[in-house]
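Participant: Structure for this input, please:
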Amino acid sequence: MDIIIVGAGKIGSNLTKFLALENHNITVIDLSRKVIESLVNDCDVIGYVGNGAAFKTQEETGVKNCDCFIAVTGNDELNIMSCMLAAKIGAKKTVARVRSAEYSDQLLFMQNKLGVDLLINPEFETALEIARIIDFPSATKIETFAKGRIDLAEIVVGEDSPLVDLSLKDLRQKLNLQILVCAVKRGDAVIIPTGSFVIKAGDRLHFTAARNVLPSAFKTLGLQKKKVKSVLLIGGSRTSFYLAKALLKAGKFVKLIEVDENKAMSLEEQLDGASVICGDGTDTALLTEEGLADFDAAVALTNIDEENIILSMYAAKQGDLKTVCKINRDPLAKMTSEILRDCSVVCPKINTASIILRYVRAIDNADGDSIKTLYKILDGNAEAAEFIAQNDSEIVGKPLRDFHLKENNIIACVSSGKKVIIPDGNTVINPGDSVIVISNTAHSSLDEIIKN
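Facilitator: Alright, predicted model coming up:
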């Protein structure tokens, strides 16, 4: 596919690197010559220094022939205007990163009248991710598939876990767990395991399970934490606003600490039912006074990564509460995941790039298996993709034992009608089933995971 990306910031750079690995023809546009030169040197892409919303720039970069035009600068208006112009010139599909809630609420109008096919709000998507994590505090990450029927959970294996020294082939039999361990990070190694794989303390495991099975699975693994009823948010960012609204709607008590007086007053007016405190969230005396240790969960959402890391470390020492840390810089997010083993680390940039990747692959394979969901997992080194099986797919209609999957690929779960299946050799995939695939390589269809 011919793809043009406007904006080579954190999201644009991540997206460029991911898409370059999938052999698309990519042109990146940015005003910074230094940033463009760096991306061109690191990836096999074409760079253009200029304004992505200018007609001349779009004409010279071949927008009229591109399959997908993606605008992810830090300016909402520039992104929208770029996409409007690109659609008029001839771009087949357009994607805009839009952070303002007002623009996000106008999605249908923008699609029907302005030519913007997909609007992505990174702060809103991050809030949804954190809300999922808070619903299952025993996990460090939770990703959802098949309209909420299947979950992909990440846990860190403790020294006293019943999983230690257990092979995957014995897992279900000895612990009677209806789960499938499908990805592991051990040190720097990312492993798509086979049945002979033996779990060790310190492993970061991803496993799939039906949503209604998760609570009993966590209990069996000795990871069951009390249900979160109260949450302390530190930092009054856009993400905090979206998250507070979601938590309040779910009936949780929310207290938010924001250092800027005007912002705190604005949030107090907008968040009916939340307790908003104007103060420095890094002040330990204030955190003690506001009862940090009495909360079930604490979420660090300031705009400074280092502050969020220190806040999460401090909160973890105050009691048995769930901690969540937002990190904007991708390399720092990976380091933080290793340092704060029991803390959930969320990275808006990777999350946003995953959503756009899913959309691009859906365009690329419009006539085949449709990708419904896509997550980058294990610090971006593997991915979990949900496909809807089509009638003409090779993998449909026969037991899985009849197929040989490519190395480092695993079918982690299948949703067939209302039934959730942890697959084995006898499992048969039918047309319309949701199929969850875990892999360390990119795929646009189910058939790509089968050996020829």
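
Participant: Okay, now the unreliable bits of the protein?
Facilitator: In the predicted model of the chain, residues 101, 103-113, 365-370 satisfy pLDDT under 70.

Participant: Got the domain ranges for it?
Facilitator: As assigned by automatic domain parsing, the chain contains the domains 2-120, 227-319, 355-449.

Participant: The second one: end-to-end distance?
Facilitator: End-to-end distance for domain 227-319, by CA to CA, to the nearest Å: 15 Å.

Participant: chain center to that domain: distance?
Facilitator: Centroid displacement of domain 227-319 relative to its chain, using CA atoms, centre = their mean, to the nearest Å, is 22 Å.

Participant: Not counting its neighbours along the chain, what's nearest the residue nearest the centre of the chain?
Facilitator: The residue lying closest to the centre of the chain (CA atoms, centre = their mean) is Asn351, at 3.7 Å. Nearest residue to Asn351, sequence neighbours excluded (CB to CB, 6 or more residues apart in numbering): Glu125, at 5.5 Å. C-betas here are computed from N, CA, C, even on glycine.

Participant: on contacts alone, who are the packing partners of the helix or strand encompassing Glu383?
Facilitator: In this structure, Glu383 sits in strand 382-388 according to DSSP states H and E. Here strand 382-388 touches strand 141-145, strand 180-186, strand 370-377, strand 434-439, going by 3 or more CB pairs under 8 Å, 6 or more residues apart in numbering; DSSP states H and E.

Participant: Off-centre distance for that strand?
Facilitator: 12 Å.

Participant: May I have the strands that pair with that strand, each with its orientation?
Facilitator: Strand 382-388 has the following sheet partners, assigned by DSSP bridges: strand 370-377 (antiparallel), strand 434-439 (antiparallel).

Participant: Comparing those strands, which stretch has the densest surroundings?
Facilitator: strand 434-439 (a mean of 24; mean count of other CB atoms under 10 Å).

Participant: That strand vs strand 180-186, what angle?
Facilitator: Angle, strand 434-439 to strand 180-186, by axes from the mean of the first three to the mean of the last three CA atoms, to 10 degrees: 20 degrees.

Participant: if we can go back for a sec, the following helix or strand past the strand holding Glu383 packs against which elements?
Facilitator: Note on strand 382-388: by DSSP H and E, the next helix or strand toward the C-terminus is strand 409-416. For strand 409-416, the packing partners by 3+ CB pairs under 8 Å, 6+ apart come out as strand 150-156, strand 180-186, strand 204-210, strand 419-421, strand 434-439.

Participant: if you set the cut-off to 6 Å instead, what comes out?
Facilitator: On a contact count with 3 or more CB pairs under 6 Å, 6 or more residues apart in numbering; DSSP states H and E, strand 409-416 meets strand 180-186, strand 434-439.

Participant: relative to strand 150-156, how tilted is the last one?
Facilitator: Read it as strand 434-439. 30 degrees.

Participant: measure Lys185 to Ser337 for me?
Facilitator: 9 Å (CB to CB, to the nearest Å).

Participant: Kindly report the same for Asp30.
Facilitator: 29 Å.

Participant: And stretch 172-183, end to end?
Facilitator: 16 Å.

Participant: From the contact counts, what lies against the longest helix anywhere in the chain?
Facilitator: Of all segments of type helix in the chain, defined using DSSP state H, the longest is helix 348-364. Packing partners of helix 348-364 (3+ CB pairs under 6 Å, 6+ apart): helix 10-20, strand 118-120, helix 122-135, strand 370-377.

Participant: between the ones you listed, which gets nearest to Leu166?
Facilitator: Closest of the helices and strands packed on helix 348-364 to Leu166 is strand 370-377, at 21.7 Å (criterion: CB to CB).

Participant: what's the closest one in contact with?
Facilitator: 143, 145, 206, 350, 354, 357-358, 361-362, 383-386, 388 (CB atoms under 6 Å, 6 or more residues apart in numbering).

Participant: same thing with stretch 301-316?
Facilitator: By CB under 6 Å, 6+ apart, stretch 301-316 touches 233-235, 237, 239-240, 282, 298, 300, 323, 325-329, 332, 336, 340, 343.

Participant: Got a quick PyMOL command for the buried subset of these?
Facilitator: Here is the PyMOL selection string for the buried members of those, based on 16 or more other CB atoms under 10 Å:
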select buried, resi 233+234+235+237+239+240+282+298+300+323+325+326+327+332+336+340+343
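
Participant: sorry, back to before: okay if I get the contacts of strand 370-377 as TSV plus distance to Gly425 and neighbour count?
Facilitator: Supplementary listing: those in TSV, determined by distance: CB to CB, whole Å; neighbours: other CB atoms under 10 Å:
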residue	distance to Gly425	neighbour count
Glu143	26	24
Phe145	22	24
His206	22	25
Ile350	34	22
Ser354	31	24
Leu357	31	22
Arg358	29	19
Arg361	28	23
Ala362	30	17
Glu383	24	22
Ala384	22	24
Ala385	22	27
Glu386	22	26
Ile388	23	18
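
Participant: Closest one of these to Leu171?
Facilitator: His206 (13.7 Å).

Participant: burial count for the nearest residue to the closest one once chain neighbours are set aside?
Facilitator: Excluding the flanking residues, the one nearest His206 by CB to CB, 6+ apart is Ala183, at 4.1 Å. By the measure other CB atoms under 10 Å, the count of residues near Ala183 is 27.

Participant: related to what we said a few turns ago, can you convert the helices and strands packed on helix 348-364 into CSV and add a column each for distance to Pro423?
Facilitator: Converted to CSV, the helices and strands packed on helix 348-364 look like this (distance: least, CB to CB, whole Å):
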stretch, distance to Pro423
helix 10-20, 27
strand 118-120, 31
helix 122-135, 24
strand 370-377, 17
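
Participant: ok, the closest residue to Val259 other than its chain neighbours to Pro431 distance?
Facilitator: Nearest non-adjacent residue to Val259, counting by CB to CB, 6+ apart: Asp280, 5.0 Å away. Distance, Asp280 to Pro431, using CB to CB: 57 Å.

Participant: Show me what the strand holding Glu383 is in contact with.
Facilitator: Outside of strand 382-388, the residues within contact range by CB under 6 Å, 6+ apart are 145, 152, 183, 190, 369-377, 434-438, 440, 446.

Participant: switch the cut-off to 7 Å
Facilitator: 143, 145-146, 152, 183, 190, 369-377, 432, 434-440, 442-443, 445-446 (CB atoms under 7 Å, 6 or more residues apart in numbering).

Participant: One more: stretch 406-413?
Facilitator: 150, 180, 182, 192, 208, 400, 420-423, 435-441, 449, 451.
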